[in-house]
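In: Just need the structure, nothing else, for what follows:
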Amino acid sequence: MSHSFYKCPIPTRPLRLSRFSDVFYVDASTKETIIAELGQIALAKGLGESEKSTLDWLSRQRKEWLLLLDNADDPTFDLRSYFPAALTAIS
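Out: Numbering: from 1, shown residues only. Model (predicted):
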C-alpha cells in the first residue's frame with residue numbers, strides 16, 4: 001500500500017501515519033491558502049482543480065485518510081465549509 005504525504009509535519013504526539021491511506025497537510029491560515037492547497041491535492045490526484053473536487057473525493061473514500069488543517073489561528077474563521085461531507089473525526 002502506498003501512502004501520499006503532502007507537507008506532513010512532525011506530530012506533537014505520536015500518530016501512526018501508516019494506518020492512513022493518505023495524509024494531507026493544508027495551511028489553514030487564510031481562506032485563500034486553504035482553497036489553493038486543496039486545489040493542489042485535486043490536481044495531484046487527477047480530480048480536477050478545485051477544492052470542491054478534493055472535498056467531494058475525500059467524502060467518497062472508504063479508506064482512512066487524514067486531513068490536517070494547520071495554522072488555523074483565527075477563532076472567527078469558520079473551517080466547517082472545508083470539511084468533507086460525512087466526515088468522521090478522530091482525536
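
In: now L47, what's its secondary structure?
Out: coil (DSSP: H, G, I helix; E, B strand; the rest coil).

In: Run through the residues that contact the closest residue to it other than its chain neighbours.
Out: In this structure, L47 finds its nearest non-sequential neighbour in S53, 4.3 Å apart by Cβ to Cβ, 6 or more residues apart in numbering. For every residue, glycine as well, the C-beta is placed using N, CA and C. Listed by Cβ atoms under 8 Å, 6 or more residues apart in numbering, the contact partners of S53 are 39, 42, 47.

In: What pLDDT is listed against the last one?
Out: The reference is to L47. Listed pLDDT for L47 reads 94.

In: phi, psi of it?
Out: The phi/psi pair for L47 (degrees, to the nearest 10) reads phi -100, psi -10.

In: Kindly provide the whole-number mean pLDDT of the strand or helix carrying D56.
Out: Take DSSP states H and E as the rule and D56 turns out to sit in helix 51-60. The average pLDDT for helix 51-60 rounds to 94.
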